[in-house]
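# Return atomic coordinates for the entry below.
(chains A, B and C, ligands or ions: 5)
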Amino acid sequence: MDQLRSVCRQAISENKAAFIIGYTEDKHHHLKPFIAHNVEETEKLTFNCNAVNNLAVFIHRFHNPSQGKIGIVLKPCDLKAINALVQENRVKREDLYVIGVNCSGVVKDQNKEFSKENTQIKCRSCASKTPAWFDVVVGESAEFELPEDDMAILMKQIDEMTPEQRLEFWNAEFEKCLKCYACREVCPMCYCEQCIADKTEPRWIESSSTTRANFTWNMIRAFHQAGRCIGCGECDRVCPADIPLSLLNRKMGMVAFKEFGYRHGTDMNAPTLIGTFSTSDHEEFIR
Amino acid sequence: MKLMKIEKGNLSKLMEHLKKDNFRVIGVTPDGKRFSEKFDETLNFMQSDTPPTSISFKEHFFLKTEALFYYKNNNGAIDLKEPVIDERKTVVIGARPCDTASLPILSKVFNWDYADDFFNRRVENSIIIGMKCNYQDDYCFCNEVGLSQNSEKGSDIFLIPDGDAFIAKTITDKGNKFIEEFAIFFEEYTGNPPAENKNGHDEKKFDYESVKKWLDNNFEHKFWDEAGETCLSCGQCAFVCPTCHCFDIVDEQCGTCAGVRAKNWDACQFSLFTKHASGHNPRDSREKRYRQRISHKFKYYNDKFSEILCTGCGRCSRGCPVSTDILELLEEIDQIAHSTTN
Amino acid sequence: MEEKFEPKIVAFVCNWCTYTGADLAGTSRLKQQPNARLIRVPCTGRIDPVFILKAFESGADGVLVSGCHPGDCHYNAGNFHARRRWIMFRELAEFTGIDSSRLHFSWVSASEGKKWVDVIDGVTETVRQKGPFDQYRKMARNIELPIMEEEGVEI
Ligand code: SF4
Ligand code: SF4
Ligand code: SF4
Ligand code: SF4
Ligand code: SF4
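Numbers count the residues shown, from 1 in each chain, chains lettered A, B, ... in the order given. Ligands and ions are numbered 1, 2, ... in the order given. Down below sits the predicted model:
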């Protein structure tokens, strides 16, 4: 990825960005997030099908407009997070220097080669493999074959269940939750200064990890992501208990689209879904 | 120490028998991720060359959430009630040396100034059947922390694969008694005694002693800024770790005038972990918190209890969302330590 | 001896319309089912879905959320915001097994004492048909059950 490195080198040396949030390769040949603070460090940057992380999450930590622009390497899907954050007034477009990459899919398991089976779930429903906008773009995107979207299959199965079966299904899933909140920390859209789960007066979400409290936690997080989740799949990836969290978020996204024709993170100038309303929102369910 | 032999088939039968006998039997789930009572009954996990589970078995001894007592307002007086703990005898099967070793390590902190009855009762009630490990990837470092793939630390019975059977080595009295009680499932072992438990390889990925010495003197060092720079404070590393043992105590309401005091897992990587009521937070950055993680494991715990608070299982690194590799950091410290002394 | 199941209903109502409407029902001596516990909040816009889950956590078999008709909100748009949230939350609840027979919504104005009675009777009857929400309460099983039993929260 010489092209990426030269673009980043230029960005820093020409003062287009103060530093670059990108990926570097570790000794296991996995890619991990890496912050290049100066021209020398840009030599360590790289990109390939192991670039699973959504780097947008780091914006919250390093966002300090007085220090200059943040340079950030983004896949087309991760770029949606930036759109969404601009929509929510969290960052300004002009505070960022976006290095878009044309993507050919990323792997599910970094220990294995990229293959039809070894692709992230999100890639299976990916609409665009080239970034919608950028300051500079690198790489080539190639077509690749995709297996069936197993989340969609699972979603269908749940849709066909009775309410009791559904509750039982989620019960079994949430029983496994450890309340580590990794799902929250890794999410580019979970940036509250104080999360509702950490509030103690009153304590809305019990910190104990009973199935019931886990249920409340995951429901509330899903609701806070309703129409906000950009579908990067990071929460799924990091959950140590392997709970299919993005099913909930995806469901909410589908409802947002069905009811309001709304897709979060596709247009940075659009008003947000929950922050606005229409007097003609449907209400046949209200007595 | 006694050597016996048990056929794979008999091992499954033994587990079935124990379940019927009202034992709590804990093995590895079919996906190989976790220890659970709902384990894979085919005992497929008894292959020693697969990766360790992603979540350690500590959740069955030190619960992710546990009631300490219940309280109830009884017309102005407070009634207290003891929690009921699962007193069934427990058998853990399929644990590797990097799991079993955690129990004696944890036992030190749980019996230091206050004896944690919950933890102790669970451990006393359990037979830990450890197993020799034949897996090793570049996240593992049991050798470097004084253990090995043959380490029997923490096991009551240690199984060594031998063709289609296992050599069962009893380590403790509890293990001995267990094998006597269930003798019909075991046979005499007549072969050669398995190779002596040799502690570790000769070639080490890092030298613990020099890492420790470096940690003793380098609380402030630019290494820490880099080590924790991309950490997300997600705490996943602590929750999957067999030796992390921090907890938080909370009161929670049940119903209208009663409640429970519960002990829940906590992690030093969380930003709230050290936050004072005043609002001051002595470990306010991820870099400081990451320093705490390494220092607690490889320095403070050793200073206090003469044990390393890590079994080298590599779980934290395999699962870390930003691929922070604890082994890589320790190797780096080792290098810095050497380059400054030489 | 089989006792008839009496559901516990928690009703979150806004101060300006539904609460006043329920009050009117009372002062007009209209007969209504006594199963609902009313929780008065300033506006439906204040009703965070976490309240609904808290109600179920605390043993509710059904929840009703009610406020001013669209256009009547004391704060102009609180109920419009709420409505949009409900559209989303309902689907989430449905997807996780809290179906629409347990979670109800209504608009009841300050003058609609009669409508309040109809709503509360209807909700109570639906939930009664559905039965106790044991499945939800049992999720607390690991640590809270003993005290809930003692507390008389039926499991
Ligand atoms: S909720 Fe999950 S999938 Fe959605 S934006 Fe957050 S991390 Fe990504
Ligand atoms: S779960 Fe909700 S309150 Fe918590 S950080 Fe995410 S959006 Fe904020
Ligand atoms: S990442 Fe998974 S285990 Fe951790 S809090 Fe989220 S749902 Fe629970
Ligand atoms: S798992 Fe990784 S990112 Fe999460 S707290 Fe641990 S070191 Fe930090
Ligand atoms: S710190 Fe990491 S390697 Fe050490 S015992 Fe814990 S999970 Fe295993």
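# Show the contacting residues for whatever residue of the stretch 1-150 of chain A ends up closest to ligand 3.
Scanning the stretch 1-150 of chain A for proximity to ligand 3 using C-beta to the nearest ligand atom identifies A:Val57 as nearest, at 13.9 Å. Heads up, the C-betas are built off the backbone N, CA and C, glycines and all. Under the criterion of C-beta atoms under 8 Å, 6 or more residues apart in numbering or on different chains, the neighbours of A:Val57 are A:Ala81, A:Glu185, A:Val186, A:Cys187, A:Pro188, A:Glu234, B:Leu232.
# let's see it at 6 Å
A:Val57 sits next to A:Pro188 when contact means C-beta atoms under 6 Å, 6 or more residues apart in numbering or on different chains.
# Let me know the secondary structure of it.
helix (DSSP: H, G, I helix; E, B strand; the rest coil).
# what's around the closest residue to A:Gly227 other than its chain neighbours, how many residues?
Counting by C-beta to C-beta, 6 or more residues apart in numbering or on different chains, A:Gly227 lies nearest to A:Leu273, which is 3.4 Å off, once chain neighbours are set aside. Taking other C-beta atoms under 10 Å in any protein chain shown as the neighbour definition, A:Leu273 ends up with a count of 22.
# element containing A:Leu273?
Secondary structure here is read from DSSP states H and E; on that basis A:Leu273 sits in neither a helix nor a strand.
# pLDDT score for it?
A:Leu273 carries a pLDDT value of 90.
# now it: how far from C:Cys73?
20 Å (C-beta to C-beta, to the nearest Å).
# all strands in chain C, in order from the N-terminus.
For chain C, strands defined by DSSP state E occupy the ranges C:9-14, C:36-41, C:62-67, C:103-107.
# swap in the stretch 51-200 of chain A?
For the stretch 51-200 of chain A, strands defined by DSSP state E, counting those that start in this stretch occupy the ranges A:70-74, A:96-101, A:136-138.
# List the contacts of residue 265.
Going with chain A. With contact taken as C-beta under 6 Å, 6+ apart, A:Gly265 is in contact with A:Lys80, A:Asn83, A:Ala84, A:Ile230.
# meant chain B, my bad for not saying
The neighbourhood of B:Trp265, defined by C-beta under 6 Å, 6+ apart, consists of B:Lys64, B:Phe247.
# For it, give the beta-bridge partners.
Taking DSSP bridges, one obtains B:Phe247 as the residues bridged to B:Trp265.
# Could you measure from it over to B:Cys241?
Computed with C-beta to C-beta, the distance linking B:Trp265 and B:Cys241 is 10 Å.
# Look up phi and psi at residue 29.
Defaulting to chain A. Dihedral pair for A:His29: phi 60, psi 30, per degrees, to the nearest 10.
# switch to chain C, that's the one I care about
Phi and psi for C:Arg29, reported as degrees, to the nearest 10, are phi 60, psi 40.
# returning to that earlier point: just checking, which of the contacts of A:Gly265 belong to helices?
Judged by DSSP state H, those include A:Lys80, A:Asn83, A:Ala84 as members of helices.
# For the first one, grab the count of nearby residues.
What that stands for is A:Lys80. Burial of A:Lys80, expressed as a neighbour count using other C-beta under 10 Å, amounts to 27.
# Tell me which residue is most central in chain B.
Centre of chain B computed as the mean C-alpha position; nearest residue by C-alpha atoms, centre = their mean is B:Pro242, 2.2 Å away.
# State the distance from that one to chain C.
When distance is defined by C-beta to the nearest C-beta, to the nearest Å, B:Pro242 is 21 Å away from chain C.
# Since that was my last question, I'll sign off now.
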